[in-house]
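Peer 1: Sequence first, then the predicted structure, then my questions.
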Amino acid sequence: MNTAALSQYDVPLHTQLLIGGSWSASADGRRLPVINPSTETVIAEVDAAGEADVERAVRAAAHAFEGWKSTTGAARAARLRSIARGVEAQRERLAALQSLNNGKPLAEADIDVSDVVATFDYYASLAEGLDTLGETEVELPGTDFRAWIRREPAGVAALIVPWNFPMVTTAWKLAPALAAGCTVVLKPSEVTPLPELELAAIAMEAGLPPGVLNVITGTGPEVGARLAAHPSVAKVSFTGSTAVGTQVMKTAAETIKGVGLELGGKSSIVVFADADLDLAVDLIAGGGFFNAGQMCSATSRVLVQQPIAAELLARLAQRAENLVVGDPFAPGVQMGPLTSCAQYARVTHAIAEGCASGARLVAGGTPPERPGYFVRPTIFADVPTESALWRDEIFGPVLCVRAFDTEAEAIATANDTQYGLVATVVTRDAARGTRMAAALEAGVVWLNSPQVIFPQTSWGGYKQSSLGRELGPFGLAAFQEIKQVVRPA
Ligand code: NAD
């Protein structure tokens, strides 16, 4: 598949920087190629922002802040709803663009588009509430004073996002930032900038004033690091690897700016002997192979209770072998390629290391012939808990299976990680499900449930997986300052 996937829509792609309401080239004219991971061919070139462009974008956002901040929540909500309708109207084109740039099957890309729509609609409803709830009186019994808490937009927000769910990650930050009254400089991943540039074009058509949303494409060190360091940026919201998140936090510390981090994971799915095995196989495959396993929430550690371990493993191996891997635009394809050459190198290295670790390979392993960054769904059993395979995030379609005896052992093994993003539990015993949900150190616990995520709830994890939370009211609060006002009664 190539750009023909998009030619039917007859709309040129946006490839320039969006600054102050206008599309423009980078100051020094540098450009970066964007690759189709299914074919390893160049889809387009986008502008590569440098220092001067970062300055211009932050200045445009700072300039637009006073105006956007003083709009009513209802007015901001109207813009967010228009963005949601614009995304809906371009659903097919946006999904195709995501598949082309990221490699995920079209059906998965369509789910992403629905998520974006739901997120903008949800934060529109919270923005409307700000007109009445933005100021809250505090009870001060026995005093002669009255006090209010005001929630005000934090200022210019820098949003730095990865390539695995480009539009969704962006929407989870952009919608609450705009709802709160912040202005934004968005830095998409250099690997998948095309979907966000189209989202930005839709946002401009929806009537966002110039400078409220600025999008600068470019590399992490040249754009992301500069945004994290910039004194006029009040808040940096970052999603990506724990290694880069640590850097962002250190850089942001120099100017004591607010930091939100959504980082890596090495999450578990725990399957008890009383589980519905068909459901367990579905949930394990979904948690391991959706988006070719390139999910921060991948439940790549499979803990299965001893009595059903052999049968579950046999069924899983069969599921993995039957999974249809191929062109994301072809009907029936269930898994596309990895998104980049660098990720392909990381995942194939992790698989080779896994084979040498003493773990038992039960499915996949060798990648198909290139071109395309395709990897087969891969399963290892009896994985040593001290191995890199068990401990490190792989970010590819690689499952590690271990058997356990007791509930306490499952909890201890699942929690024995630097990460704590999500967990899944499969059991018919409701009381055990409740105990496990309390005991697992994770920001989300799915009980007998696929990885559904609702904008009304929360997103983020324990330990080195996150700092703060996205989605729900927490996502909005991340872009607000709190101010108290006091006067004699
Ligand atoms: P990455 O950390 O390499 O890059 C993320 C973003 O940061 C990109 O836009 C990149 O250009 C930018 N960047 C790189 N160096 C930078 C620097 N020095 N300063 C500022 N910005 C910089 O991550 P990735 O490879 O794009 O994404 C994969 C990672 O993202 C995985 O670890 C995954 O778990 C994580 N992730 C987490 C969540 C979550 O919600 N917790 C969601 C999606 C992805």
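Peer 2: Cool, got the structure.

Peer 1: I'd like to know how far residue 163 sits from residue 59.
Peer 2: Using C-beta to C-beta, to the nearest Å, residue 163 is found at 27 Å from residue 59. For the C-beta atoms, the positions are set from N, CA and C on the backbone; glycine is no exception.

Peer 1: Between the two, which is the more surrounded one?
Peer 2: Counted by other C-beta atoms under 10 Å, residue 163 and residue 59 do not tie: residue 163 has more neighbours, with 22 against 17.

Peer 1: wait, doesn't that one sit right on residue 340?
Peer 2: Yes - counting by C-beta atoms under 8 Å, residue 163 touches residue 340, with 6.9 Å between them.

Peer 1: Now list whatever residues contact both of the two.
Peer 2: residue 191 (C-beta atoms under 8 Å, 6 or more residues apart in numbering).

Peer 1: Now the element after whichever strand or helix holds residue 132, going C-ward?
Peer 2: Per DSSP states H and E: residue 132 is located in helix 106-133. Next helix or strand after helix 106-133 toward the C-terminus (DSSP H and E): strand 135-138.

Peer 1: Skip the chain neighbours and tell me the closest residue to the residue in the stretch 1-150 of the chain positioned nearest to the ligand.
Peer 2: Relative to the ligand, the nearest point of the stretch 1-150 of the chain is residue 32 (10.7 Å; C-beta to the nearest ligand atom). With sequence-adjacent residues excluded and distances taken as C-beta to C-beta, 6 or more residues apart in numbering, residue 32 is closest to residue 48, at 4.6 Å.

Peer 1: before we move on, what about residue 117?
Peer 2: Residue 117's closest residue in space is residue 84 (C-beta to C-beta, 6+ apart), at 4.9 Å.

Peer 1: on that earlier part again, any idea how far the residue nearest to residue 32 is from residue 360?
Peer 2: For residue 48 relative to residue 360 (C-beta to C-beta), the value is 45 Å.

Peer 1: Same check on residue 265?
Peer 2: 24 Å.

Peer 1: Between those two, point out the one with more neighbours.
Peer 2: More crowded of residue 265 and residue 360, by other C-beta under 10 Å: residue 265, with 29 against 13.

Peer 1: Helix, strand, or coil at the more buried one?
Peer 2: Under DSSP: H, G, I helix; E, B strand; the rest coil, residue 265 falls in the coil class.

Peer 1: Give the burial count for the residue lying closest to it once chain neighbours are set aside, as a bare number.
Peer 2: Leaving aside its chain neighbours, residue 265 sits nearest to residue 421 (3.5 Å; criterion: C-beta to C-beta, 6+ apart). Neighbour count of residue 421, defined by other C-beta under 10 Å: 29.

Peer 1: what sits against residue 421?
Peer 2: 264-265, 267, 296-297, 442-444, 460-462, 465-466 are the contacts of residue 421 under C-beta under 8 Å, 6+ apart.

Peer 1: Would you mind listing what in the stretch 101-250 of the chain touches the ligand?
Peer 2: Within the stretch 101-250 of the chain, the positions near the ligand by C-beta under 6 Å from any ligand atom are 160-164, 169, 187, 189-190, 219-221, 224-225, 228, 239-241, 244, 247-248.

Peer 1: out of the contacts of residue 421, which are buried?
Peer 2: Buried members of these, scored by 16 or more other C-beta atoms under 10 Å, are 264-265, 267, 296-297, 442-444, 460-462, 465-466.

Peer 1: Export those residues to JSON lines and append columns for secondary structure and distance to the ligand.
Peer 2: Output for these, formatted as JSON lines (DSSP: H, G, I helix; E, B strand; the rest coil; distance: C-beta to the nearest ligand atom, whole Å):
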{"residue": "264", "secondary structure": "coil", "distance to the ligand": "4"}
{"residue": "265", "secondary structure": "coil", "distance to the ligand": "6"}
{"residue": "267", "secondary structure": "coil", "distance to the ligand": "10"}
{"residue": "296", "secondary structure": "coil", "distance to the ligand": "3"}
{"residue": "297", "secondary structure": "coil", "distance to the ligand": "7"}
{"residue": "442", "secondary structure": "coil", "distance to the ligand": "12"}
{"residue": "443", "secondary structure": "coil", "distance to the ligand": "9"}
{"residue": "444", "secondary structure": "strand", "distance to the ligand": "10"}
{"residue": "460", "secondary structure": "coil", "distance to the ligand": "7"}
{"residue": "461", "secondary structure": "coil", "distance to the ligand": "7"}
{"residue": "462", "secondary structure": "coil", "distance to the ligand": "11"}
{"residue": "465", "secondary structure": "helix", "distance to the ligand": "6"}
{"residue": "466", "secondary structure": "strand", "distance to the ligand": "6"}
